[in-house]
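Participant: This is the structure alone, sequence omitted:
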């Protein structure tokens, strides 16, 4: 795959590890204090703005950034950053635009798929055609990765550290 030129990208998590996040792991292990510490450190380090588009005065949501070892099927958590709601929705566009629950929630927020596409294009200074090509490639990779069982490596965020 060619190197990504976009600042904001679509990141589709393989279906076998849906809903398996460090937040959920901390919650399950009664370690939400670790999550609160991460959030506090993010605000101190990055300020109160979106890590990708720089939006301020908006609700920020923590997003986990993963790297994939496609040969050994290991998904490694490499970073957590605060994103605005729009950038976060792009990251998880599969949920927001391709599931009934996601579309219903998007509509409830007064947003549409077009709003998400427009945000992607604005942040990346690109055309709709470039968005569609990127989305198509993201789903191709997702379909391939979803064929396998994945081992998760929570790296420095591992609750047992």
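Facilitator: That came through fine. Note that the coordinates shown come from a computational prediction; the quantities given were computed from them, not determined experimentally.
Participant: now the longest helix anywhere in the chain: mean pLDDT?
Facilitator: Ordering each helix of the chain by length in residues (DSSP state H) puts helix 128-145 first. Averaged across helix 128-145, pLDDT comes to 97.
Participant: what's downstream of it, the next helix or strand?
Facilitator: strand 151-153 (DSSP states H and E).
Participant: So what touches that next one?
Facilitator: 17, 20, 72-77 (Cβ atoms under 8 Å, 6 or more residues apart in numbering). Placement of C-beta: from N, CA and C, glycine included.
Participant: at 6 Å what do you get?
Facilitator: 74-76 (Cβ atoms under 6 Å, 6 or more residues apart in numbering).
Participant: Equivalent analysis for stretch 95-107, please.
Facilitator: 89, 113.
Participant: Can you mark which positions in that stretch are buried?
Facilitator: Judged by neighbour count (16 or more other Cβ atoms under 10 Å), stretch 95-107 contains these buried residues: 95-97, 102, 106.
Participant: Inside helices: which ones of these?
Facilitator: 95-97, 102, 106.
Participant: Report the helix or strand with the lowest average pLDDT across the protein.
Facilitator: helix 22-28 (a mean of 87; mean pLDDT, DSSP states H and E).
Participant: Could you list every helix and strand in contact with the helix or strand following that helix?
Facilitator: Using DSSP H and E, the helix or strand that follows helix 22-28 in sequence is helix 32-46. When contacts are defined as 3 or more Cβ pairs under 6 Å, 6 or more residues apart in numbering; DSSP states H and E, helix 32-46 packs onto helix 22-28, strand 74-84.
Participant: out of the ones you listed, deepest packed?
Facilitator: strand 74-84 (a mean of 18; mean count of other Cβ atoms under 10 Å).
Participant: ok, that one: who's next to it in the sheet?
Facilitator: If you go by DSSP bridges, strand 74-84 pairs up with strand 60-69 (antiparallel), strand 151-153 (parallel).
Participant: just the angle between the first one and helix 32-46, please?
Facilitator: Yep, that's strand 60-69 we're talking about. Here strand 60-69 runs at an angle of 100 degrees relative to helix 32-46 (axes from the mean of the first three to the mean of the last three Cα atoms, to 10 degrees).
Participant: Return the per-residue confidence for the residue nearest the centre of the chain.
Facilitator: Nearest residue to the geometric centre of the chain (Cα atoms, centre = their mean): residue 91, 4.0 Å. pLDDT recorded at residue 91 is 97.
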